[in-house]
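K.L.:
Could you work out the structure for the sequence below:
(2 chains)
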Amino acid sequence: MVKKIKWANGYLWLVFILLYLPIFFLIVYSFNAGDVMQGWEGFSFKHYTELFADTRIIEIVVSTLLIALLSSLIASIIGTAGALYIYNLKYALAKNIFLSLNNILLVSPDVIIGASFLILFTVMGFALGFTSVLLSHIAFSIPIVVLMVLPRLQEMNQSLVAAAKDLGANNWQMLSRVILPVISPGILAGFFMAFTYSLDDFAVTFFVTGNGFTTLSVEIYSRARQGVSLEINALSAMMFMVSLLLVLAYYIISTRSGKNKKRGTRLVLPASEGL
Amino acid sequence: MSNEPTPIIEFKNVGLSYDDNSVLKNIDFELEAGKFYTLLGPSGSGKTTILNLISGQLTVTYGDILFEGQVINHVPVEKRHMNTVFQDYGLFPNMNVFENVAFGPSIKGKSKKEIKAKVTEMLELVKLGEYADREITELSGGQRQRVAIARALANDPEVLLLDEPLSALDYKLRKEMQYELREIQQRLGITFVFVTHDQEEALAMSDWIFVMNDGVIQQNGSPEDIYDEPINHFVADFIGESNILDGIMTADYLVHFTGKDFENVDAGMRPNERVEVVLRPEDLDLTTVENGKLVVTIDDQSFRGDYYEITAIDDDGNEWQVQATNKSKVGERVGLTFDPEDIHIMRFNESENDFDARLESYEDDDDNAKK
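P.N.:
Numbering: from 1, shown residues only, chains lettered A, B, ... in the order given. Sure, this is the predicted structure:
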């Protein structure tokens, strides 16, 4: 018995080491005094100072974060409303149709979504830039939020709604005082997931950035084509730290929020890799 | 009759069906203010449906529901002067005990001071005064139950609806809550409508019981009436233990079953009408073979604490349930005895109105005879 558990542990560690090795390799080399990833030439913060001197990169980081924040916020609102709408549909058929439409958006390749947005914006004569990126990020984040919020609604005890009505609450009071607080862990999970999706999205963004505007993933891609500068390593290391902090923040908020800690309903952060 | 107070709730020929499936049929009743009513029946009998019609969670297919004389068929849930204690309590998990109880008053826009006073009063009433700051998840089942009651009562309802509220509690706690609920009802003097499938609970708490089956009210009456004079096989079988036998009413006050004639106290039936005879196990006594009205063989006995539950078989092969204070021997032949008043006669397909009318007719005769 004991031996079995040890084997399982060992396997788990192996998987995690393999998964994290490339990232650590990248982070370690961001402190390299030399300019290439082949051969360690000593410790230095040189690439970090270069990075902070690069105003273009800083600007791109800021706009990437802004896009992520705005798109996930707006998607959380629209997605929650959508989940409520689907939940309240009376007919199972309509429910399934909406749910399938939602899931198709989730599983369809980013390239197709990106290309279709490009076509849409071009046909509409919409200028590509900040707004087009924001709109497309909102669009692909909504299904994620719906998918995170809907199970919460379905798990919710039906008598909560009945009780709120029974005690005299109108629809708005029922929503704001009972339903939203109860499903808030789902909304929070949806928000964080949408945020990470937006932050690391390349395929969709690549199609709709246009000329002037760019986000981090697109910028890193175009720089990498000219040979990877270790400045990118430094940037990646910092982004990794930001993600780590996000996960930590999410963990702290979800254990504290909703006063649910005693029931042990802590949420597991869903994998944030794009489909 | 006309100076009777308006009933607080009245059902006038109410029915409910889903598609072609009828759940309730021609329900008629009146509830007086300030009484403890129980809707008793097995699951699927329509008792919770009636409760949901009163609270407004469901709407009638036909008929009218009146509240203090006004038709309320289409008044939404939140506008009715009644509150519900839900079977699974439906407490808000995002709020603590105080906030849960305060929900109703705060929706109504009461001031902070009023809310605090009301919540404190209600928590005192259900003996949870110390628990205001607790989270719902920190409470036991019994305490959650009390919070649910306090929350419903905090809205000052004129009618409190209780949907099998005690079914999740253990036996001892259930007993305790039965007693307390009855006390709360009497203290506040408001109308309680209590739904349960537990006949013991119904008999212990209610002023008036409605026995339901198959979407129809089978019988209504005081606990004593229902227990002593069940109107049909279903009620006799559902409420308490009973021995039910086929018999023939040979004449008034004379019934024939198990091959013998017995004196009884029922009358007003056709001569030689086929009937069902009910004898409660606690009304039967064991005696010697010579003194017995019937002779039976003890088949089985089990100790129930305050009595022995005995199964005996008579010479015709009928099974008899007897509650005896003294121990018997399995296989022993003993006499079975009972008084004429212990025999209750049920006619087939007799309606409640006919039943009442028949009772009145011969009770009048008795009175006249005495004069």
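K.L.:
Up against chain A, what does the stretch 151-300 of chain B have?
P.N.:
B:R151, B:A152, B:N155 (CB under 8 Å from any CB of the partner chain). From N, CA and C alone the C-beta is placed, and that goes for glycine too.
K.L.:
excluding its backbone neighbours, what's nearest the second one?
P.N.:
Ranked by CB to CB, 6 or more residues apart in numbering or on different chains and with sequence neighbours excluded, the top spatial neighbour of B:A152 is B:N83, at 3.9 Å.
K.L.:
what's the answer for the last one, then?
P.N.:
If you skip the residues right next to it in sequence, B:N155 has B:G104 as its closest partner in space, 3.8 Å away by CB to CB, 6+ apart.
K.L.:
For that neighbour, identify the helix or strand it belongs to.
P.N.:
helix B:97-107 (DSSP states H and E).
K.L.:
Which residue does the stretch 151-275 of chain A have closest to chain B?
P.N.:
Closest residue of the stretch 151-275 of chain A to chain B, CB to the nearest CB: A:S159 (3.2 Å).
K.L.:
Give me the three-state assignment for that residue.
P.N.:
The three-state assignment at A:S159 reads helix, by DSSP: H, G, I helix; E, B strand; the rest coil.
K.L.:
For burial, what's the neighbour tally of the closest residue to chain A within the stretch 51-200 of chain B?
P.N.:
Closest to chain A within the stretch 51-200 of chain B is B:G90: 3.2 Å, counting by CB to the nearest CB. Using other CB atoms under 10 Å in any protein chain shown, B:G90 has 24 neighbouring residues.
K.L.:
Give me the spatial nearest neighbour of it, chain neighbours excluded.
P.N.:
A:S159 (3.2 Å).
K.L.:
quick one: the helices in the stretch 1-150 of chain B?
P.N.:
B:47-55, B:97-107, B:112-125, B:141-153 (DSSP state H, counting those that start in this stretch).
K.L.:
helices and strands around the first one, which ones?
P.N.:
Contacts defined by 3 or more CB pairs under 8 Å, 6 or more residues apart in numbering or on different chains; DSSP states H and E place helix B:47-55 against strand B:9-18, strand B:21-31, strand B:36-40, strand B:82-85, strand B:159-163, strand B:191-196, strand B:208-213.
K.L.:
try it again with 6 Å
P.N.:
On a contact count with 3 or more CB pairs under 6 Å, 6 or more residues apart in numbering or on different chains; DSSP states H and E, helix B:47-55 meets strand B:159-163, strand B:191-196.
K.L.:
Contacts only, for B:D207.
P.N.:
B:K35, B:F36 (CB atoms under 6 Å, 6 or more residues apart in numbering or on different chains).
K.L.:
any weak-confidence spans in chain B?
P.N.:
Residue ranges of chain B with pLDDT under 70: B:1-4, B:364-371.
K.L.:
Give me the domain ranges for it.
P.N.:
B:9-228, B:241-280+B:340-371, B:285-337 (automatic domain parsing).
K.L.:
Go through the ones you listed and pick out the most buried.
P.N.:
The highest mean neighbour count among the domains of chain B, using mean count of other CB atoms under 10 Å in any protein chain shown, belongs to domain B:9-228: a mean of 19.
K.L.:
what residue is smack in the middle of chain A?
P.N.:
The residue lying closest to the centre of chain A (CA atoms, centre = their mean) is A:T196, at 2.2 Å.
K.L.:
In terms of helices and strands, where is that residue?
P.N.:
Assigned by DSSP H and E, A:T196 belongs to helix A:180-200.
K.L.:
Against which helices or strands is that helix packed?
P.N.:
Using 3+ CB pairs under 6 Å, 6+ apart, helix A:180-200 sits against helix A:55-88, helix A:130-155.
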